[in-house]
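J.: just a sequence and a predicted model for now, questions to come.
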Amino acid sequence: MRSVRIDELADAVSDGLKEYAEVSTEVVKRAVKNAGDIVKEEIRAKAPVRTGRYKKSFQATKTKETADSLFVTVHSKDRYQLTHLLEKSHAKRGGGRVKAIVHIAPAEQKGIKALTEEVERGLKK
């Protein structure tokens, strides 16, 4: 029987955990970027179109990135005032209300689902 020193075992476990952390960080960052793109494309597909300017204004921007995290924001770059009005409804000038056109919330849910599935798939490998 081979004897193993505790410090060798601890080093081996530590190295394995570091490698797993690096791989999982890469998987999660890639999944976040892909989920941001999915949300952006879904919003563009479902957004109301009058001139097309609002629909084209959505973009996915890397807000913050550190060694172990990535933040992606999907937003309207020049028509941001309309997002809340269209998504939640608003009052008309002469009275009454405009019907809400819900297009951001379903895209967000689709992005969350895609993110979860991609992270699970990536970590199972």
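T.: Now that the structure is in, tell me what you want to look at.
J.: centre of the chain to the helix or strand hosting Arg121, how far?
T.: In this structure, Arg121 sits in helix 104-124 according to DSSP states H and E. Distance of helix 104-124 from the chain centroid (C-alpha atoms, centre = their mean, to the nearest Å) equals 8 Å.
J.: one more: stretch 80-92?
T.: 23 Å.
J.: now swap in stretch 77-92 and tell me
T.: Here the centre of stretch 77-92 is set off from its chain's centre by 21 Å, with C-alpha atoms, centre = their mean.
J.: ends of that stretch, how far apart?
T.: 25 Å (C-alpha to C-alpha, to the nearest Å).
J.: rewinding a little: return the alpha-carbon coordinates of the helix holding Arg121 using PDB.
T.: Below are the C-alpha coordinates for helix 104-124, written out as PDB (Å, rounded to 0.1, in the frame of the first residue of the first chain):
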ATOM      1  CA  ILE A 104     -39.200  42.900 -22.700                       C
ATOM      2  CA  ALA A 105     -40.400  40.600 -19.800                       C
ATOM      3  CA  PRO A 106     -40.800  37.500 -22.000                       C
ATOM      4  CA  ALA A 107     -37.400  38.100 -23.500                       C
ATOM      5  CA  GLU A 108     -35.900  38.400 -20.100                       C
ATOM      6  CA  GLN A 109     -37.500  35.100 -19.000                       C
ATOM      7  CA  LYS A 110     -36.200  33.400 -22.200                       C
ATOM      8  CA  GLY A 111     -32.700  34.700 -21.400                       C
ATOM      9  CA  ILE A 112     -32.900  33.400 -17.900                       C
ATOM     10  CA  LYS A 113     -33.900  30.000 -19.100                       C
ATOM     11  CA  ALA A 114     -31.200  29.900 -21.800                       C
ATOM     12  CA  LEU A 115     -28.600  31.100 -19.200                       C
ATOM     13  CA  THR A 116     -29.500  28.400 -16.700                       C
ATOM     14  CA  GLU A 117     -29.500  25.600 -19.400                       C
ATOM     15  CA  GLU A 118     -26.200  26.700 -20.900                       C
ATOM     16  CA  VAL A 119     -24.500  26.800 -17.500                       C
ATOM     17  CA  GLU A 120     -25.800  23.400 -16.500                       C
ATOM     18  CA  ARG A 121     -24.700  21.900 -19.800                       C
ATOM     19  CA  GLY A 122     -21.300  23.500 -19.600                       C
ATOM     20  CA  LEU A 123     -20.600  22.400 -16.100                       C
ATOM     21  CA  LYS A 124     -21.700  18.800 -16.800                       C
END
